[in-house]
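Participant: I need the structure of the sequence given here:
(one chain, ligands or ions: 3)
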Amino acid sequence: MNKTGTVLLASTIGVLALVVPFSLSLYLAQAQGREDALATLHDMADDVLHRADNARMQISDAITALNSNPGELPCSAEQLTRMGILSAAFSHVAGMARLENDALVCSTLGNQDLPLNLGKPDGNRPYGLRFWSGIELPNLPGYQFSVLGRDGYAALAYPDLAIDLLNRESPVSLAFFTGGQRRVLGRRGVIRDEWVDRYQGQPLQFEDDGYFVVMQPSAATDNAALAAMPSSLVQAQVRRSAYILGPVGLILGVLLTWAVAVIARRRMSLAGELQAAFERDEFFVEYQPIIDLRDGRCVGAEALARWRNENGALVSPNVFIPLAEANGMIQRVTSRVMEIVVRDAATLLRGNPRLHIAINLSSEDLHAGGVETRMTDLVRQAGMRPDSLVLEITERGLMTPEKARGVLLAVRAGGFRVAIDDFGTGHSSLSYLATYELDFLKIDKMFVDTLGTDAPTSLVTFHIIELARSLGLQMIAEGVETEAQRDILRARGVQYAQGWLFGRPMSIQKLQEFAARAGQGLPPTDASTFLGPARHA
Ligand code: C2E
Ligand code: CA
Ligand code: CA
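Facilitator: Numbering: from 1, shown residues only. Ligands and ions are numbered 1, 2, ... in the order given. Sure thing, here's the model as predicted:
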């Protein structure tokens, strides 16, 4: 990706990092506000049902108390006084009455035109109470009572017995109604008949015309309670939540954006540093010896790029190679490495035709083309043979097979040799192995590591070895660290190996000494021609 692309991507991520947490916090505030409002409504509906049950329990207690004086004359002044005292104790009970054959005989609210036949009860209630609704006393026209009675006595209750009368100004409307006929027994605030009509015996919540509505059935009776709240109130709750969550989201967003900016700047400055590394000539190359397993001689080395930055710190190729690939600078790195290799090793290679240096190519190098020409020019100037150089390409480099095929043919026609690097770690199929002309297959360290262990992958390693043999490819095992690994590889017929067991990546001077000590896979007579210049290097 180029610089503009990186800036654009970073800015996009930066904006997202700001906007997403903030929007999320607002969304959460909205959800939280709604949830809080609904929870309040549920609580209040439950409260209504609870109050209703409480009222019935108290009425039942009062009737029990009245019955505890069996000697008392029914409807006597004495009894009416006692009933008056009991009714005064309960805020929702207007009065008490004597009940005989479902008729009110006398009451604390007056006896005009009594007895009053109540007719068939509306239903039964807990505590053995019978229930009539909408009862009017002849002397109190316009007042409708709910009557709850048992054992000769009844309470005349305000229908809204379950509703908290003290809280009339509350913005929450409440209703208490019978589940069957959906007759509203008591109400407070705005209650629409359509809401009550929607009740089907199940808990219910919905939004209607600017109101949140919740309905809750009673567990003890077929009554139900309704609580409703204007949506504007919910919005106020949402705003309150947003005042808390919004800033949190904003702070989080700012922090994230800041982190994105820091990372982007670091990346871009690292890319910038890489750019400058060319001008400041901060690259060099180390060489890791490659050994012939059959006789232990050094047959060559792999060139590994190194970057010592301005501060003197070594940056790993695992960091700067991908960075160069991502920033379109990998071809410059490859060219630089080739130049250094030719400068470092021309003398060594000219004098020792059987030694080779392997150079790593990236997929970009293959796809851009021109590698072959660049290499041929360099090699010619240095007076080297092209077969002193091996090009290492990874499976990733072969992803677009047609293109890669052409480049590989040209490279090999130029006399260079080709190795497949990190074999088995890529995702390409084995089929390309047969279609390209290749010289070496490098068995990745990952597979070498399994040798001598009982890991099932060690079998894969043996398969890879067989595959290479059947295709007529020479093998180079990578990352050999133990003698056990070396012995197994040798026994399996692997020709070459590299790894810390033999030598770590080293300077060209050290490589010359190393090769001299190990022998260079050359006939003894040729060795002297090499040893001369090497000593003076
Ligand atoms: P690679 O091509 O697979 O190189 C082998 C890596 O394994 C090197 O790491 C080497 O130091 C390390 N190694 C060798 N023997 C052993 C061993 O016995 N044990 C262990 N643990 N490691 C061993 P390095 O130098 O850090 O290079 C890392 C990767 O960077 C290379 O992997 C290669 O993919 C890339 N690279 C290095 N130089 C270049 C270059 O000039 N061009 C390109 N395109 N890529 C390069
Ligand atoms: Ca390599
Ligand atoms: Ca490798």
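Participant: can you give me the domain assignment for this structure?
Facilitator: 20-163, 173-233, 285-520 (automatic domain parsing).
Participant: how about CSV for these, with mean neighbour count added?
Facilitator: The C-beta positions use only the backbone N, C-alpha and C, and glycine is treated the same way. Listed next are the domains of the chain as CSV, based on neighbours: other CB atoms under 10 Å:
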stretch, mean neighbour count
domain 20-163, 18
domain 173-233, 18
domain 285-520, 18
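Participant: which of those sits closest to ligand 3?
Facilitator: Nearest to ligand 3, of all the domains of the chain, is domain 285-520, at 4.3 Å by CB to the ion.
Participant: quick check: mean pLDDT of the closest one?
Facilitator: The average pLDDT within domain 285-520 is 90.
Participant: tell me the contacts of the closest residue to residue 500 other than its chain neighbours?
Facilitator: Once flanking residues are discounted, residue 500 sits nearest to residue 481: 5.2 Å by CB to CB, 6 or more residues apart in numbering. Neighbouring residues of residue 481 by CB atoms under 8 Å, 6 or more residues apart in numbering: 499, 500, 501.
Participant: recalculate using a threshold of 10 Å.
Facilitator: 445, 448, 449, 499, 500, 501, 502 (CB atoms under 10 Å, 6 or more residues apart in numbering).
Participant: what helix or strand is it on?
Facilitator: Residue 481 belongs to no helix or strand when assigned by DSSP states H and E.
Participant: and the residue of the stretch 101-250 of the chain nearest ligand 3?
Facilitator: residue 249 (46.8 Å).
Participant: wait, that residue touches residue 23, no?
Facilitator: Yes. When contacts are counted by CB atoms under 10 Å, residue 249 is listed as touching residue 23 (7.6 Å).
Participant: before we move on, back to that, any idea how far ligand 1 is from the residue of the stretch 101-250 of the chain closest to ligand 3?
Facilitator: 42 Å (CB to the nearest ligand atom, to the nearest Å).
Participant: close to ligand 1: what parts of the stretch 201-350 of the chain are there?
Facilitator: The interface of the stretch 201-350 of the chain toward ligand 1, taken as CB under 6 Å from any ligand atom, is made up of 288, 304, 305, 316, 317, 318, 321, 334, 337.
Participant: which residue packs closest to the last one, ignoring adjacent ones?
Facilitator: Spatial nearest neighbour of residue 337, chain neighbours left out: residue 305 (5.1 Å); criterion: CB to CB, 6+ apart.
Participant: now do the phi/psi pair for the one you found.
Facilitator: Note on residue 305: its backbone torsions stand at phi -70, psi 140 [degrees, to the nearest 10].
Participant: what sits against it?
Facilitator: By CB under 10 Å, 6+ apart, the neighbours of residue 305 are 283-286, 317, 320-321, 324, 333-334, 336-337, 340-341, 359-360.
Participant: so which of those also contact ligand 3?
Facilitator: Among the contacts of residue 305, proximity to ligand 3 is found for none (CB under 5 Å from the ion).
Participant: narrow those to those in helices?
Facilitator: Using DSSP state H, the subset of these located in helices is 317, 320, 321, 324, 333, 334, 336, 337, 340, 341.
Participant: got any ranges where the stretch 101-250 of the chain has weak pLDDT?
Facilitator: Applying pLDDT under 70 to the stretch 101-250 of the chain flags residues 161, 164-168.
Participant: which stretches of it form strands?
Facilitator: 103-107, 116-117, 123-125, 129-135, 145-150, 153-157, 173-178, 184-188, 204-208, 211-217, 223-230 (DSSP state E, counting those that start in this stretch).
Participant: can I get those strands in CSV with distance to ligand 3?
Facilitator: As requested, those are exported to CSV (distance: least, CB to the ion, whole Å):
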stretch, distance to ligand 3
strand 103-107, 102
strand 116-117, 104
strand 123-125, 86
strand 129-135, 89
strand 145-150, 90
strand 153-157, 90
strand 173-178, 76
strand 184-188, 81
strand 204-208, 64
strand 211-217, 66
strand 223-230, 69
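Participant: sorry, back to before: and the two most separated of the contacts of residue 481?
Facilitator: Farthest pair in the contacts of residue 481 (CB to CB) is 449 and 502. Separation: 16.1 Å.
Participant: residues from the stretch 301-450 of the chain in reach of ligand 2?
Facilitator: Counting by CB under 5 Å from the ion, the residues of the stretch 301-450 of the chain that sit close to ligand 2 are 360, 392, 421.
Participant: nearest to residue 137, of those?
Facilitator: So of these, ranked by how close each gets to residue 137 (CB to CB), first place is residue 421, at 102.9 Å.
Participant: might you enumerate the residues of the stretch 401-537 of the chain proximal to ligand 1?
Facilitator: Residues of the stretch 401-537 of the chain found near ligand 1 (CB under 6 Å from any ligand atom) are 421, 422, 479, 480, 481, 498, 499, 500, 505.
Participant: up against ligand 3, what does this structure have?
Facilitator: Residues of the chain lying near ligand 3 (CB under 5 Å from the ion): 421, 422, 478.
Participant: wasn't the first one part of a helix?
Facilitator: If I follow you right, that is residue 421. No. Secondary structure assignment (DSSP: H, G, I helix; E, B strand; the rest coil) places residue 421 in strand, not in a helix.
Participant: residue contacts, it?
Facilitator: 302, 358, 360-361, 391-397, 440-442, 444, 476, 478.
Participant: could you pull out the helices in the stretch 351-500 of the chain for me?
Facilitator: Assigned by DSSP state H, counting those that start in this stretch, the stretch 351-500 of the chain shows helices spanning 363-368, 371-382, 401-413, 431-435, 445-448, 457-470, 483-491.
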